[in-house]
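Trainee: 3D, please:
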Amino acid sequence: MPEDGLSLVQHGVSARWIGECQVGLCQFQECLDRDDRQRIGEKWPQARGALDVAHNYALPLTLTIIAEMLGVPPEDKGLLDKWGKVLVRAVDFKRTTAIYEQAIGTSMEIFAYFAALSEAKRAHPGDDLLSQLVHAHDDGQRLSDMELAITATTLLMAGHDTTVNLIGNATLLLLQHPDQLALLRERPALTAAMVEEALRYHSPAQNTSRYTTEAIALGCVTIPQGQLVNVALGSANHDPAAFAEPERFDITRAVPRHLAFGMGMHYCLGAPLARQEASIAIPALFARFPHLRAESWTI
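Mentor: Below you'll find the model as predicted:
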């Protein structure tokens with residue numbers, strides 16, 4: 001996306017996004033408290049039984065919030081749920097070629113859907129983020145139809161993939177480290193720090209890719225200009241030069257210098273949403289199920 005288009009997106013997402021996150025998440029927490037299954041999903045258990053944290057808890061939460069923020073009609077939420085389940089499987093390291101091909105097809109469906117929805121918002125804007133992006137302007141510049149569809153698709157993916165993984169990873173990490181879970185229960189003010197440490201320890205996205213804009217020397221290797229470079233974010237977040245005792249999960253860790261959301265102009269647009277959703281969803285899960293335990297310790 002051109003730099004002027006990116007500035008429009010950042011302008012549209014920033015303050016409005018944060019406000020919508022807070023309102024939407026408070027409403028979702030109220031739904032948890034009153035067991036509103038129409039909002040949180042039929043597979044949300046009453047008091048006993050198994051719960052797939054990713055698919056039956058984190059996914060309904062994230063899709064509900066992002067759908068309402070983007071102005072997706074209620075009758076189309078089922079589409080987002082179907083697409084979301086495919087995309088969640090696609091970011092798993094255990095994905096197969098078939099799953100990956102299905103995700104590509106799903107991404108094209110999402111793109112076509114948001115292209116049509118953006119056009120509808122242009123003619124009949126609503127009080128939602130997509131309408132704001134459609135009508136955003138900066139020095140007379142507007143997002144093109146393709147940029148709008150790409151942006152909405154990116155926001156959908158960034159607004160739920162990252163958070164689903166974060167909520168699942170953080171839940172398992174706390175169960176694996178009962179001393180840290182006990183500390184969190186004793187000191188709820190550590191919730192934000194717990195989220196940051198979970199982001200560092202088990203990053204929701206383990207890898208990203210970038211093209212070099214110029215030749216760069218790393219050790220005894222020179223990477224030429226224009227080369228695609230795969231960056232291991234998870235490895236960087238365990239760099240002993242940057243983190244003391246990087247293999248220790250510590251929710252009191254002082255400085256969150258991790259790269260879980262990337263950095264620079266490609267910093268994840270979904271970062272504010274992921275942080276706020278996780279800060280509400282994880283404590284709510286353990287409050288609802290104080291004796292929660294894991295059937296598997298594998299991430």
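Trainee: all contacts plus neighbour counts: C-alpha atoms, from now on.
Mentor: OK.
Trainee: residues contacting residue 73?
Mentor: When contacts are counted by C-alpha atoms under 8 Å, 6 or more residues apart in numbering, residue 73 touches residue 67.
Trainee: how near is it to residue 115?
Mentor: Residue 73 is 15 Å from residue 115, where distance means C-alpha to C-alpha, to the nearest Å.
Trainee: for residue 166, same thing?
Mentor: 29 Å.
Trainee: Kindly report the same for residue 290.
Mentor: Computed as C-alpha to C-alpha, the residue 290 to residue 115 distance reads 44 Å.
Trainee: Break down the stretch 101-250 of the chain into its helices, ranges please.
Mentor: Under the criterion DSSP state H, counting those that start in this stretch, helices of the stretch 101-250 of the chain are mapped to 129-134, 145-176, 178-186, 191-201, 233-236.
Trainee: In terms of secondary structure, what does the fourth one contact?
Mentor: Same thing as helix 191-201. Counting by 3 or more C-alpha pairs under 8 Å, 6 or more residues apart in numbering; DSSP states H and E, the packing neighbours recorded for helix 191-201 are helix 145-176, helix 271-288.
Trainee: Pull out the buried residues from the first one.
Mentor: This points to helix 145-176. Buried residues in helix 145-176, defined by neighbour count with 16 or more other C-alpha atoms under 10 Å: 147-175.
Trainee: do the same with stretch 66-81
Mentor: Of all the residues in stretch 66-81, those buried under the rule 16+ other C-alpha under 10 Å are 66, 67, 68, 69, 70, 71, 72, 77, 80, 81.
Trainee: tell me which of these is nearest to residue 234?
Mentor: Taking C-alpha to C-alpha as the measure, residue 66 is the one of the buried residues of stretch 66-81 closest to residue 234, at 25.8 Å.
Trainee: Make sure that closest one is actually in contact with residue 156.
Mentor: Yes. At 6.5 Å, residue 66 and residue 156 qualify as touching, with contact defined as C-alpha atoms under 8 Å.
Trainee: before we move on, the earlier item: export the helices of the stretch 101-250 of the chain to a markdown table and tack on mean pLDDT and distance to residue 122?
Mentor: Formatted as a markdown table, the entries for the helices of the stretch 101-250 of the chain read as follows, by pLDDT from 0 to 100; distance: least, C-alpha to C-alpha, whole Å:
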| stretch | mean pLDDT | distance to residue 122 |
| --- | --- | --- |
| helix 129-134 | 82 | 6 |
| helix 145-176 | 83 | 10 |
| helix 178-186 | 97 | 46 |
| helix 191-201 | 96 | 37 |
| helix 233-236 | 90 | 38 |
